[in-house]
Structures are given as structure tokens and as C-alpha cells.
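Engineer: following is a predicted model, sequence given first.
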Amino acid sequence: MRHSPPGFGEVAARREFLRLSGRMGVGALLVAEASALAACASTSSPSSATSSAAAASDSLPRPPEIAGGTITASIGSQPVWSGTATTVWTLGGQFPGPTIRVVRGATFSARVENRLPEATNVHWHGLAAPPEMDGHPSDLISPGQSREVTFPVADRAGTYWYHPHPDGRTARQVYGGMAGFFIVEDPAEASLGLPSGEYDLPLVLQDRRTSAARSLDYDPGPMDVVSGLLGDAVLVNGRPGAELAAAATLYRLRLLNGSNARVYRLAFTDGRTFQVIGTDAGLIERPVAAASVDLGPGERVELLVDLSRDPVGSVVLLRSLPFGVPGGMGGGMMMGTGGAAQGAALDVLRLRVDRPGPAARIPASLVPLERLDPAEAASRQVFTLAMGMPPVAGAFTINGRSYDARRVDVRARRGILELWEVRNASSEPHPFHVHGTSFQVVARTSGALGPHEQGWKDTVLTWPGETVTLAIRFERHAGLYVLHCHNLEHEDAGMMLNMEVA
Ligand code: C2O
Ligand code: CU
């Protein structure tokens, strides 16, 4: 099978060249550095950071926590699948990267060092970082170079994340393992008595293809670009078939969909309800009971799951329920790609209750939430997401445009409330993500908003044929940002626009 269909033009050719040259560079570097990096990675591997409360059979990695400092982009080796070492691309020496934890109002400072054989950068997804710190796709750190990052974290307490964002290379770098959590705390949240410490679990969900070589090599075919790369197994914090040895108590799960393309319909197999408490960018006003929640790439949901009445020895399974893509083409499997189809049922995480736990209570209310009033919007912009079939140069577009780093496509003014209509005019789901601010979802034409869409968000899933309306206001910084589809194959193929905030 050819990697590029005939007619792939200049942009695609450039991307293909970068892809091939990058791969050759990696091979050369691996020989030189593999042993040194492997030694480094094994001393700081996630499993060695596992808390003492976890039993031996607990296979859920807990990445170590940092507040800043040096974050190195490098290639290492780590036992992703048990019994084999897998080459991983990392930020901070492991997959997933260390969890950054800061208090709202503090200044975050880090030095990002690039020891990869290709350019990279880091985007602080969901945080209103100044444009020169935001990881714009053209603002790259060359191999061997480093970058000082420092900005005050003014964002709400919540579950954010970081990952690379180089134009045309984001999907491969994230797939290889480069991503981590960025958690913001504040005193108001701390006073709620929500589960904390070992009962507060950041969980990044990433599907990957289980190859015979147990590798995370990135090699999408043309049809993988249509659906985005879909795997056959869900890794939680970098581990397939992850199992948590749990106490019989209340847990706070901070779920991040860090997958390239997969949408999850998350539910517990026994049908139990859980309490949704937070969205992409912080807590909501009060817990909302739900039995399932849809999570597109880039989105987060925070929930409370009550295991206090589950007897020791019982197992609760979190999985992704099967679903049909409304108006869709039938998913990746029918199109002959390597992973499970979009919407296929997949196991996510086993929670095995192995000990009693402390009493805990679900707060009746959480935090006050400012509601953006769509009636007060001063202007309106429309974003139409479209795809050509089969993919040819310029096939992945927003408002008819494929990403061009030299062009500014969208303008917005700080302090002005706008309504944005995001229209999905294609047969694939697209998670729409905006840099530089958070927004609120006003309506979706396909039906009601999900329980995790009732607060502040920075990424929203759009289904084929539907229009999602957002209320959005930029507040903090002026300058050049991007907006894009967070299906990383679509993003790299050009479904992204430059946006100048004035
Ligand atoms: Cu999580 Cu522009 O990205
Ligand atoms: Cu997309």
C-alpha cells in the first residue's frame, strides 16, 4: 500500500519528507543514546513511583509530581507491555510525563530541553499561557536547544495537560509518549473535602496498536489519516490492561483523553452511576449523576466513583461502551486500518477492591460558576470543519482553509463575548480546540449537552453533521494562537488555523 495517495501536493509532500527524515534520524540516535537513556528512564520509571499503599498486583502507574524545573524531551525505554522494553518518546524521562502541580496564582517556570533528533515544543493545553510560551506550531525548539518557559498560572483549579505541538509532527510525538498532566489547585477547591492523595487519580487514556514488536512506532497509512490513528488497546497512564488495587471508598478520577483520535463513551460495566464534578477547565457548580460520558481527544472529565459498598475482592470495570458514529462512515476497521473501529467497545481500567477504605462524602455543591450569556454576545463567527475524500493535499480544512503558518485566519478581541458556531460538515467526529482561553458550550444540534459540558471547556466534540455553539471570550493575552481539530492526524494534515487575539 502506498503511504500517499496520488495527487498529494506540496504540503503533504513536505510532511512526508519530514516524517521519513525524522525516522532515519531516530534510528541513528537510538544506537548512540539508547543505553544511557534506558538507564535514566528505569530509575525514574512510573512504577517505582507507585505509592506504598498499592498492592503488588496494582499495575497502574502514578507518574511522579513536579512543580517545574527541567523537562527534557528525549527518547528512552520503558516496560509499557510487561516483559518487554519499548522505545518511548518522553517529556521528563517517561511515558506519561511527570504530573505538574501548581497552585493558582503561582508562577510556573520550566526549562524545556530538546534531546530529540527533531524539533519539538510544548503546549500547556487549557492554560491561558502568553503566546510566546504557548507552544505555537511554528515556535520550535531545535534539537540540542532549550527554552525557558515562565508564566503566572491564572487559570481555575482543574485538570490540564501538556504535549508537543510542532506543525505536522504532533501526532507522532504524542503517540510515542510525549504528554503529561498539568494540575492547578486552589484553596476553594481544597476546602471541599474531595478525595485527595492516593484517592485522587489523574488517568490519561491513550489507545495504541499492539504490534508483535511491542513498539510505539508511528506509521499511519492514508486511511488512518481519515479516521485518525485508532489503536486496539487502551493504555491508562502508559499501561495496557491497567488494574488499580483500590480501597472501598470514594475516588476522584481525573480522566484525560490523550488519544490521537479515539472517542470514548466511558461507563462502568455494572451500570453504576458516578458523579461528574469537573470539565476541561475546572469544577462545575454541583455534582451531576451520570451513567456514561463521551470524551473526545483533548477533553477531560472529573468524576467521583463510590466504591464504599463494594466488598473486598470485587472488581469494577471502567470501559468504553460501543457506539455508532452518527452520520459517520462506519469507522476505521471497515476502512481497513489496523486498530479497533471508532466506537468499538474497549476495556479501560479494572478497579479491584482489595481493602477497606476511609469514609468519604460527596459535597452537595462545588464552586460558583460564571455563566456566559449568549444573548450578550457582540459578534458571531462560523467555523466549518470539512474533509475531502480520499485525502488529498488541502483536504482537511476549517472554513475551506488548510493550515498555513504564514497566514492569519481568525481575529478576536479581548473582552468581547462572541458566539462561535462550529459546524461539522464531514463524516468523522472532530474535537474542536481553542488556545488562549476557555469557553462554554451553549447548544448542540444533535441533542442535549453532556454532564461534563456544563462548565468551562477548551475542547468540544462535534459529531458528523452537527453544529455546536460556543460562548467564548478572550481575556488574558494578545498575540498569535491557533485553533484546531484535536484529532492529531487531522491537525497535522492541516485542520488548524492561526488566530490573532488583539
Ligand atoms: Cu492539546 Cu493545540 O492542543
Ligand atoms: Cu478532525
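Structural biologist: Received it, and whenever you're ready, just let me know what you need. Ligands and ions are numbered 1, 2, ... in the order given.

Engineer: neighbours of Arg62, how many?
Structural biologist: Around Arg62 there are 19 other residues, counting by other C-beta atoms under 10 Å. All C-beta atoms are positioned from the backbone trio N, CA, C, and that covers glycine.

Engineer: no no, Leu192
Structural biologist: Leu192, neighbours per other C-beta under 10 Å, totals 13.

Engineer: wait, Ala106 touches Val153, no?
Structural biologist: Yes - with contacts counted by C-beta atoms under 8 Å, Ala106 reaches Val153, the gap being 5.8 Å.

Engineer: ligand 2 contacts on the chain?
Structural biologist: The chain comes close to ligand 2 at residues 430, 485, 487, 490, as judged by C-beta under 5 Å from the ion.

Engineer: residues from the chain in reach of ligand 1?
Structural biologist: 123, 125, 163, 165, 298, 433, 435, 482, 484, 486 (C-beta under 6 Å from any ligand atom).

Engineer: name the member of the residues you listed with the most neighbours.
Structural biologist: Most neighbours among the residues of the chain next to ligand 1, by other C-beta under 10 Å: His484, with 30 neighbours.

Engineer: what helices or strands is the helix or strand harbouring it leaning on?
Structural biologist: Using DSSP states H and E, His484 sits within strand 479-485. The contact analysis (3 or more C-beta pairs under 8 Å, 6 or more residues apart in numbering; DSSP states H and E) places strand 479-485 against strand 396-398, strand 430-434, strand 496-501.

Engineer: list the buried residues for that strand?
Structural biologist: 480-485 (16 or more other C-beta atoms under 10 Å).

Engineer: stretch 458-476 too?
Structural biologist: For stretch 458-476, the neighbour count (16+ other C-beta under 10 Å) marks 458-464, 466-474, 476 as buried.

Engineer: and the end-to-end length of that stretch?
Structural biologist: Counting by C-alpha to C-alpha, to the nearest Å, you get 15 Å between the two ends of stretch 458-476.

Engineer: now it: how far from the chain's centre is it?
Structural biologist: With C-alpha atoms, centre = their mean, to the nearest Å as the basis, stretch 458-476 stands 16 Å off its chain's centre.

Engineer: over to stretch 296-310?
Structural biologist: How far stretch 296-310 lies from its chain's middle: 16 Å, per C-alpha atoms, centre = their mean.

Engineer: what does Ser259 show for phi and psi?
Structural biologist: Main-chain torsions, Ser259, degrees, to the nearest 10: phi -70, psi 160.

Engineer: who's in contact with it?
Structural biologist: Ser259 sits next to 205-207, 231, 297 when contact means C-beta atoms under 8 Å, 6 or more residues apart in numbering.

Engineer: widest-spaced pair of those?
Structural biologist: Farthest apart among those by C-beta to C-beta are Gly231 and Pro297. That separation is 12.3 Å.

Engineer: what's the overlap in contacts for these two?
Structural biologist: 259, 262.

Engineer: who has more neighbours, the two?
Structural biologist: Between Gly231 and Pro297, Pro297 has the larger neighbour count (other C-beta under 10 Å), namely 29 against 22.

Engineer: what kind of secondary structure is His490 in?
Structural biologist: helix (DSSP: H, G, I helix; E, B strand; the rest coil).

Engineer: which residues sit in contact with it?
Structural biologist: Under the criterion of C-beta under 8 Å, 6+ apart, the neighbours of His490 are 225, 228, 261, 387, 396, 428, 430.

Engineer: indicate the residue of the stretch 201-350 of the chain located nearest to ligand 2.
Structural biologist: Of all residues in the stretch 201-350 of the chain, the one sitting closest to ligand 2 is Gly228 (6.9 Å; C-beta to the ion).

Engineer: pretty sure that residue is touching Asn487, no?
Structural biologist: Yes - using C-beta under 8 Å, Gly228 is in contact with Asn487, at 4.1 Å.

Engineer: identify the contacts common to those two.
Structural biologist: 260-261, 297, 428.

Engineer: ok, back up a step: higher neighbour count, Ala106 and Val153?
Structural biologist: Each of Ala106 and Val153 has its neighbours counted (other C-beta under 10 Å); Val153 has more, 23 against 14.

Engineer: now that one, what are its backbone angles?
Structural biologist: phi -90, psi 100.

Engineer: which residues does it contact?
Structural biologist: Residues in contact with Val153 (C-beta under 8 Å, 6+ apart) are 102-108, 127, 184.

Engineer: now, which of those sits nearest ligand 1?
Structural biologist: Distance ranking of the contacts of Val153 against ligand 1, using C-beta to the nearest ligand atom, places Leu127 first at 10.6 Å.

Engineer: quick check: that closest one touching Asp155?
Structural biologist: Yes - the pair Leu127 / Asp155 is scored as a contact, 5.2 Å apart, by C-beta under 8 Å.

Engineer: shared neighbours, these two?
Structural biologist: Val184.

Engineer: quick one: neighbours of the residue of the stretch 201-350 of the chain closest to ligand 2, just the number.
Structural biologist: Gly228 has 31 nearby residues by other C-beta under 10 Å.

Engineer: quick check: closest non-adjacent residue to it.
Structural biologist: Computed as C-beta to C-beta, 6 or more residues apart in numbering, the closest residue to Gly228 that is not its neighbour in sequence is Ala261, at 2.3 Å.
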